[in-house]
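Below: sequence and its predicted model.
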Amino acid sequence: MIDSFEIKKFRLFNNVEIKNFKNVNLIVGKNNAGKSALLEALLLYSSRFSSDVILEILFSRQEHWESGKSAFNQQQIINPLKHFFENHKIPEPHETGFSLSSKKNNDQVYVKTTAYIVEETDNRVVRREAVDPLKIHDMDEDVYELYLVAEINGKSSIIMSFQDDFENFKRRNARRNSLVLPKKSSIGALPYQFVPTQGMANAKVSALWDSISLTDMEKEVIKGLQLIEADVTGITFVQSPNSHADKGRIPLVKLNGLEGPVSLKSLGDGMTHIFQIVLSLVSAKNGVLIVDEFENGLHWSIQEDVWNIIFSLASTLNVQVFATTHSRDCIMGFEKVWKRNENKGSFLRIKKENHIAVVNEYDLELLSDSIETDVEIR
Amino acid sequence: MKMDMNFKHKGSKILLTEGKNDCHVILSLCAYHGIPETFGFYDCGSDNKILKRMSALIAGSEPMETIGVVLDADNPNLNSKWESIRNRLTREGYLVSKEPDKNGTILSMKGKPTIGVWLMPDNNIDGMLEDFCRELVSHDAIDFAESCVQNSQQNGFATFISNHKSKAVIHTYLAWQNEPGMPLGQAITARALNPEKKIAMLFIDFLKSLF
């Protein structure tokens, strides 16, 4: 479990420390205060900066559009990864990069620029030797190559070369080419699932379903759906005759009293959302579940019940849950369930002060007091 | 102060009180001393709710400039009340002294709302709003009212609980003023309670420095 979390020089976080994360963590804050940036930081950290996550984030933020090389200087390409850094600027080798760490877990992911001299030896082994950043200015630009490097607990692994085209990076990732992260940088990486605001892609959902179908986890997902529609008895995925194969299959549910199945989507957005949340949760065993805008499509009256399932499954399956919300009903439901699971929840608000994100952590008593006295917490 | 008689002011400068009576007394004092309307009242309903709301406002998402709290030094006493305030403020990152300031405590912290605490009656002894009001009456008159109350107790006419003796005394005194039986705030406006007594001046100075 990520027990504490520190973010330095990542997006709008200059230096933020979250002292206490627990099993189930709810995050609030105004628009553009940094909620999504925090979720991204957690995803990058948990996945050890996996290229999957990098691309998912850049695409969901539509920050991939300006990829390409500058024609003038090979070393100064326009790289979408710059957006991860404070002030949208990739640091020079002598400058500090960003770090995502957990003091309590004694674990750090530090991302920076490093210059390497690359040599190919006779037996075609490529050797890279890091250059002292202070000596770089005296060197000819052709001699070294700049790389974006992730240092995980002191061990460096290359994310990408700045001479490389971002398009190549995307293509390589698509081919699952392990050369993207040549060393085994995934040591300590946690299983993760991410439910974005706009929901998950059909193909992803059906693939997750396949991995848990006919296991005990299937029952848990059905229980989740029953919070909204008590008559649900089963789920299956079918290939829609009218859709392309790459769009994925469609979930159908069986309802008590109805002869044939109906599409899950026909039962409302809340149904799809709860399905994706619970399915992702049971698929993130011993890992991390991240949900952006937890309350999406969920009626206020069932929020407490949904949190109940989340707290209980998170505990049984050892999944750490991070969710954001804008909804007071969602927070109120969360607080009720947190009260019954005292050491298992945490609540925090992110706000922007002078363009920098700061964090305000609530303990249970403070959250209860705020709700009881009707003081705004969002 | 903002004249909202529901005393549920929402704004960045606020005075939290235990009840409507406190609001009326403070409102009358402010009117008499010409305190500008820069803050509003929020009647929290009880001491415990003041403490909860204070913490919630400090941590809350609406930016607050100044939060004043006026609490009775009872339930059971000044020390315990100060301890609960101190605990809560410490948790919110304030540096709080072991004892309240006799002139009313004011705490400023960078990036946080300024906090003011007044413990009724005088930040020094145990008591409540009525003990504060008692100080706005001449000693002779209040002593006489007190002996009336004792007399009624001895004759078996009194039913109030012992904690409420100062309420009984002040309202006994107010029973003979013109006009009889005025509520506390109104009694200040009518000068049956003297708003220029030392304790009132101290309280007004506290409000002036706070807001």
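That came through, no problem.

Surely A:K352 forms part of a strand?
Yes. Applying DSSP: H, G, I helix; E, B strand; the rest coil, one finds A:K352 inside a strand.

thinking it is in contact with A:N32, fair?
Yes. Contact criterion Cβ atoms under 8 Å: A:K352 and A:N32 qualify, at 7.3 Å. Using the backbone N, CA and C atoms, a C-beta is placed for each residue, glycine as well.

more crowded one of those two?
Higher neighbour count among A:K352 and A:N32: A:K352, with 14 against 11, using other Cβ atoms under 10 Å in any protein chain shown.

Across the sheet, point out what pairs with that one.
Beta-bridge pairing of A:K352 under DSSP bridges involves A:A357.

which residues does it contact?
A:L12, A:K30, A:N32, A:A33, A:G34, A:V358 (Cβ atoms under 8 Å, 6 or more residues apart in numbering or on different chains).

show me where the stretch 251-378 of chain A has strands.
Using DSSP state E, counting those that start in this stretch, the strands of the stretch 251-378 of chain A run over A:262-263, A:288-291, A:320-324, A:345-353, A:356-362.

what residue ranges in chain B are flagged as low confidence?
Counting by pLDDT under 70, chain B shows low-confidence ranges at B:1-4.

Check the offset of the top helix by length along it from the chain's centre.
When chain B is parsed with DSSP state H, its longest helix is helix B:139-154. With Cα atoms, centre = their mean, to the nearest Å as the basis, helix B:139-154 stands 24 Å off its chain's centre.

Need the per-residue pLDDT for A:A323.
A:A323 is assigned a predicted lDDT (pLDDT) of 98.

Isn't it up against A:L298?
No. Here A:A323 lies out of contact with A:L298, judged by Cβ under 8 Å, at a distance of 11.6 Å.

Quick check: the gap between the residue nearest the centre of chain B and B:G45.
Nearest residue to the geometric centre of chain B (Cα atoms, centre = their mean): B:V70, 4.4 Å. B:V70 sits 13 Å away from B:G45, going by Cβ to Cβ, to the nearest Å.

Now for these two: what residues contact both?
Listed as contacting both B:V70 and B:G45 by Cβ under 8 Å, 6+ apart are B:E18.

how does chain B divide into domains?
Per automatic domain parsing, the domain ranges recorded for chain B read B:13-128+B:195-210, B:129-189.

Now do the end-to-end distance for the first one.
Spelled out, that is domain B:13-128+B:195-210. One end of domain B:13-128+B:195-210 to the other measures 10 Å (Cα to Cα, to the nearest Å).

Can you give the distance of it from its chain's centre?
Once both centres are worked out by Cα atoms, centre = their mean, domain B:13-128+B:195-210 turns out to sit 8 Å from its chain's centre.

go on, the shortest one?
Taking the mean of its C-alpha atoms, domain B:129-189 sits 17 Å from the chain's own mean (Cα atoms, centre = their mean).

same thing with stretch A:1-11?
On Cα atoms, centre = their mean, the centre of stretch A:1-11 falls 13 Å from the chain's centre.

Could you list the buried residues of it?
Applying a neighbour-count criterion of 16 or more other Cβ atoms under 10 Å in any protein chain shown, the buried positions in stretch A:1-11 are A:I2, A:F5, A:E6, A:I7, A:K8, A:K9, A:F10, A:R11.
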